[in-house]
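[1] dropping the sequence and predicted coords here.
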Amino acid sequence: MIIIALVRFILEVTALLALGYWGVQAGIEVWLKILLGISVPLLTAIVWGVFISPKAPKRLHEGPRLFLEIALFALAAAAMYGSGFEYFSVIFMLMAMVISILIRVLKLTGL
């Protein structure tokens, strides 16, 4: 079970890094690169912390939480794809879906 938790953590951090990298790449001006590079992963982390994390103050029920989780991972995969990491984005998304489903199948509610 610790392996699943570790992989999940790595996926979460990778998602934030991918979104930050995309934000920097998407900006035209320096100020916009900085704004997007910080705000996009920060907003994603806030949504994750409020609705998905185990100790979230407004944790969603299982179905909506899985949907939001996969949507955020898909957003990160799209950011990777848009940044030129096409193959990595596919591997990332497949791993995210497998881990998310494994957590539900094994009933690891603390993740």
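    In hand now; what should we look at?

[2] quick check: Arg59 touching Gly49?
    No: with contact defined as CB atoms under 8 Å, Arg59 does not reach Gly49; the gap is 10.1 Å. Quick note: C-beta positions are derived from backbone N, CA and C, even for glycine.

[3] ranges for the strands of the chain?
    Here the chain has no strands by DSSP state E.

[4] what about Gly82, neighbour count?
    Residues near Gly82, counting by other CB atoms under 10 Å, number 15.

[5] which parts of the protein are helices?
    2-26, 30-51, 62-82, 86-105 (DSSP state H).

[6] tell me the buried residues in the last one?
    Buried residues in helix 86-105, counted by 16 or more other CB atoms under 10 Å: 89, 92-93, 95-97, 99-100, 103.

[7] so what's Glu62 up against?
    Arg104 (CB atoms under 8 Å, 6 or more residues apart in numbering).

[8] pLDDT at it, what is it?
    Listed pLDDT for Glu62 reads 91.

[9] next one: Met1
    As predicted, Met1 sits at a pLDDT of 83.

[10] over to Leu111?
    So, for Leu111, pLDDT stands at 72.

[11] before we move on, the earlier item: turn the helices of the chain into TSV, including distance to Leu111.
    Below are these laid out as TSV (distance: least, CB to CB, whole Å):
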stretch	distance to Leu111
helix 2-26	6
helix 30-51	12
helix 62-82	10
helix 86-105	5
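
[12] pretty sure Leu11 is in contact with Ala96, am I right?
    Yes: using CB under 8 Å, Leu11 is in contact with Ala96, at 5.3 Å.

[13] overlap in contacts of these two?
    Residues within reach of Leu11 and of Ala96 at once, by CB under 8 Å, 6+ apart, are Phe73.

[14] re earlier: want to throw the buried residues of helix 86-105 into JSON lines with pLDDT?
    Converted to JSON lines, those look like this (pLDDT from 0 to 100):
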{"residue": "Ser89", "pLDDT": "98"}
{"residue": "Phe92", "pLDDT": "98"}
{"residue": "Met93", "pLDDT": "98"}
{"residue": "Met95", "pLDDT": "97"}
{"residue": "Ala96", "pLDDT": "97"}
{"residue": "Met97", "pLDDT": "96"}
{"residue": "Ile99", "pLDDT": "96"}
{"residue": "Ser100", "pLDDT": "94"}
{"residue": "Ile103", "pLDDT": "92"}
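
[15] many thanks, have a good one.
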